[in-house]
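[1] Return atomic coordinates for the entry below.
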Amino acid sequence: MNTIEQTERLQTLSPAKRALLMKSLQKNAIQSQETQTIPRREKQSGIPLSFAQQRLWLIDRLESGTVAYNVPFAVRLKGPLNQAAFQRSINEVIKRHEALRTTFMLEGDQPIQIIAPSASLTVSVLDLKQVPADKKEAEIQRLAVAEARTRFDLSKGPLLRTTLLELDHDEHVALFTMHHVVSDGWSDAVLIEEMIRFYEADLTSQPAALPELPIQYADFALWQRERLKGPVLDELLSYWKQQLAGAPPLLNLPTDNPRPPVQTHPGALESRIFPERISEGLRSLSRQEGVTPFVTVLAAFKTLLYKYANQTDLVVGTPVANRTRLETEGLIGCFLNTLALRTDLSGNPTFRQLLRQVQAVTLGAHEHQDLPFELVIETLTTERNISYAPFFQVLFLYQNKPLENLKQRDLLLTPIDIHSGTAKFDLALAVVEGTNGQLTASLEYNTDLFKAETITRMLEHFETLLTAIVSDPEKHLHDLNLLGEAEQEQILFKWNSTQTEFAQT
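    Numbering: from 1, shown residues only. Purely as a prediction, here's the structure:
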């Protein structure tokens, strides 16, 4: 049916049938686009930024000197290391991925990507062999944090730095830092895996067994810009407008310090390992209810926030890899998207009822994850408050596949936890399921807002809450307790002391 025939047919239908047909045509148009592969670009200059890149570029311009969007990670290498081959392998990865040869500049009033035909990285080497054994780990952390907090100039490349720390003749630590504008957490794993392949190929004088990349990140950026128009954009925006209409702009958590007039990013991290009974109880509850552990722990975290903020309308963000296309899986680049998950906790539901709602919201959000959060902000935000992040100030992440050790010939690679001392949000909870099944909760917090003891107490309350949920998920939210026995006794003792003093007066 051509366009004229479609128009004529629409005019003969009732308004209700016309709306149904329009929705069907829109869905068909979207599905048609989904079956198309991402094409390689034809133009090599004036390439626009992806939506995520544009927001990160703008933040870098507005917050000059910020290092909140540096992406640091570190790997311990045990075994004999050929440093020259190590450096060559990294440069082979840079040669393979245009994103690592990309810088950014203004063309007129619009930022564009500048892709260098070649680029070379020099690995800095620091000798720590003379540092006393009992001080080496502290020195590694100090150097890692210093590296992670060193600013990038987005107009100069490469936007990747690598430092090699020599601990012994057969032990090193490699520090990597990329800017988020050209990378994400998935990209870290791609870089390490390909670096190992190139390293082994270098040692054996054989070509690396890596398939040709079907596209480059700039191809994705152009495709994304072209795709998010018309019916695809309308359908995605319609969903998010409905989900976030009237959402509270701020989660009113009690803070130790007043919120600064302009959002800041100094941060720290507190962690807590939950007992095995809690970890197993949460998995068992998830199986019984037919939901993922992500949904169960998120519902519990929202219950904690509800009790802390005394607020029933809660929006929490969660990151997604957003690599829904096969062509993007092997690329280094900024694909990560963030979903705003809104939940209504009014009416004092049971935890089981809350699970159903959180599951439905999570599934709907993932089905509409292709809309960059940058566009959600741009479209739905009429007025920005620069003292806090738009839509949500708390992030949640559940990881059931932590980074594992990698073996390459005589070289063992082990990931090292590094915290850069920054925080993009007020709070960010990462719950990781270890190889032994035990859950570890790490709560990153803005140190301008919260004290360390407040965060420690919050994690203790979360453990108490999880214990109550596992024991009886039929309990209503009001009846789920945050206080452990010791804290309850302490409060009761203080109350009794106050009553006695009052009676004596």
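[2] Which parts of the stretch 401-505 of the chain are helices?
    Per DSSP state H, counting those that start in this stretch, the stretch 401-505 of the chain carries helices over the ranges 452-471, 485-504.
[3] comparing those helices, which gets the lowest mean pLDDT score?
    Looking at the helices of the stretch 401-505 of the chain, the lowest mean pLDDT belongs to helix 485-504 (a mean of 53).
[4] Quickly find the element holding L339.
    strand 337-344 (DSSP states H and E).
[5] May I have the strands that pair with that strand, each with its orientation?
    strand 313-320 (antiparallel) (DSSP bridges).
[6] Contacts for the strand it pairs with next, please.
    Residues outside strand 313-320 that contact it (C-beta atoms under 8 Å, 6 or more residues apart in numbering): 185, 244, 247-248, 251, 298, 301-302, 305-306, 336-346, 365-366, 369, 373, 391-392, 394-397, 425. C-beta here means a position set from N, CA and C on the backbone, and glycine is covered the same way.
[7] Point me to the residue sitting closest to the centre of this structure.
    Centroid-nearest residue in the chain, with C-alpha atoms, centre = their mean: P319, separated by 4.0 Å.
[8] I112 contacts K43, doesn't it?
    No - with contacts counted by C-beta atoms under 8 Å, I112 stays clear of K43, the gap being 10.8 Å.
[9] The two: which has the busier surroundings?
    Neighbour count, other C-beta atoms under 10 Å: between I112 and K43, I112 has more, with 16 against 8.
[10] what's the more buried one in contact with, if anything?
    45-49, 104-106.
[11] Of the residues you listed, which belong to strands?
    47-48, 104-106 (DSSP state E).
[12] In TSV, list these along with distance to Q408 and pLDDT.
    Formatted as TSV, the ones in strands among the contacts of I112 follow (distance: C-beta to C-beta, whole Å; pLDDT from 0 to 100):
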residue	distance to Q408	pLDDT
I47	35	94
P48	38	95
F104	34	97
M105	38	95
L106	42	94
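[13] ok, how many other residues are close to the nearest residue to L413 once chain neighbours are set aside?
    What sits nearest to L413 in space, not counting adjacent residues and going by C-beta to C-beta, 6 or more residues apart in numbering, is L406, at 4.2 Å. Neighbour count of L406, defined by other C-beta under 10 Å: 16.
[14] need the strands for the stretch 251-400 of the chain, in chain order.
    267-273, 313-320, 337-344, 394-399 (DSSP state E, counting those that start in this stretch).
[15] name the helices or strands packed onto the first one?
    It refers to strand 267-273. Judged by 3 or more C-beta pairs under 8 Å, 6 or more residues apart in numbering; DSSP states H and E, strand 267-273 is in contact with strand 439-446, helix 452-471.
[16] The last one to strand 439-446, inter-axis angle?
    Helix 452-471 runs at 140 degrees relative to strand 439-446, counting by axes from the mean of the first three to the mean of the last three C-alpha atoms, to 10 degrees.
[17] Buried residues in helix 452-471, which are they?
    Across helix 452-471, burial judged by 16 or more other C-beta atoms under 10 Å covers 455, 458-470.
[18] rewinding a little: and the strands of the stretch 251-400 of the chain, which is most packed in?
    Most buried of the strands of the stretch 251-400 of the chain by mean neighbour count (mean count of other C-beta atoms under 10 Å) is strand 337-344; its value is a mean of 20.
[19] Contacts made by it with the rest, please.
    Under C-beta under 8 Å, 6+ apart, the answer for strand 337-344 is 52, 240, 243-244, 247, 298-299, 302, 312-320, 322, 354, 357-358, 361-362, 365-366, 369-370, 372-373, 376, 391-392, 395-396.
[20] ok, back up a step: and the buried residues of helix 452-471 as a markdown table, adding distance to D448?
    Output for the buried residues of helix 452-471, formatted as a markdown table (distance: C-beta to C-beta, whole Å):
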| residue | distance to D448 |
| --- | --- |
| I455 | 13 |
| M458 | 17 |
| L459 | 20 |
| E460 | 23 |
| H461 | 22 |
| F462 | 22 |
| E463 | 26 |
| T464 | 27 |
| L465 | 26 |
| L466 | 28 |
| T467 | 32 |
| A468 | 32 |
| I469 | 31 |
| V470 | 35 |
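[21] List the residues that contact the nearest residue to L412 once chain neighbours are set aside.
    Leaving out its chain neighbours, the residue that sits closest to L412 by C-beta to C-beta, 6+ apart is K78, at 4.6 Å. Counting by C-beta under 8 Å, 6+ apart, K78 makes contact with 170-171, 411-412, 414.
[22] so the residue nearest to L413 sits right up against A189, yeah?
    No - judged on C-beta under 8 Å, L406 makes no contact with A189 at a distance of 9.8 Å.
[23] ok, back up a step: separation between the residue nearest to L413 and D479?
    Distance, L406 to D479, using C-beta to C-beta, to the nearest Å: 47 Å.
[24] and if you look at V394?
    24 Å.
[25] Break down the stretch 151-300 of the chain into its helices, ranges please.
    Under DSSP H, counting those that start in this stretch, the stretch 151-300 of the chain gives helices at 185-204, 217-227, 230-244, 276-289, 293-309.
[26] Which among these is found nearest to L58?
    Across the helices of the stretch 151-300 of the chain, L58 has its closest neighbour in helix 217-227 (15.3 Å, C-beta to C-beta).
[27] Helix, strand, or coil at A68?
    Three-state call for A68 (DSSP: H, G, I helix; E, B strand; the rest coil): coil.
[28] now P214, nearest residue through space, not along the chain?
    Nearest non-adjacent residue to P214, counting by C-beta to C-beta, 6+ apart: E327, 4.7 Å away.
[29] hang on, isn't the one you found packed against R40?
    No - with contact defined as C-beta under 8 Å, E327 does not count as touching R40 (9.8 Å).
[30] Please identify which of the two sits among more neighbours.
    Set E327 next to R40 and count neighbours by other C-beta under 10 Å: E327 wins out with 18 against 13.
[31] do you know how far that one is from H169?
    Taken as C-beta to C-beta, the span from E327 to H169 is 43 Å.
[32] try I140
    For I140 relative to H169 (C-beta to C-beta), the value is 17 Å.
[33] Comparing these two, which residue is more hemmed in?
    Neighbour count, other C-beta under 10 Å: between I140 and H169, I140 has more, with 20 against 9.
[34] Name the nearest residue to the more buried one, ignoring sequence neighbours.
    V173 (5.5 Å).
[35] Name all residues that make contact with S89.
    Per C-beta under 8 Å, 6+ apart, neighbours of S89: 195-196, 198-199, 202.
[36] From those residues, keep the buried residues only.
    Among the contacts of S89, those scoring as buried are 195-196, 198-199, 202 (criterion: 16+ other C-beta under 10 Å).
[37] Tell me the one of those residues nearest T292?
    When the buried ones among the contacts of S89 are ranked by distance to T292 (C-beta to C-beta), I196 comes first, at 30.9 Å.
[38] If you drop the residues flanking it in sequence, what lies closest to that closest one?
    Q408 (4.8 Å).
[39] Report pLDDT for that neighbour.
    74.
[40] pretty sure it is in contact with A201, am I right?
    No - the criterion here is C-beta under 8 Å, and Q408 misses it with A201 at 10.9 Å.
[41] Look at the two and report which has more neighbours.
    The neighbour count for Q408 versus A201, taken as other C-beta under 10 Å, is higher for A201 (18 against 15).
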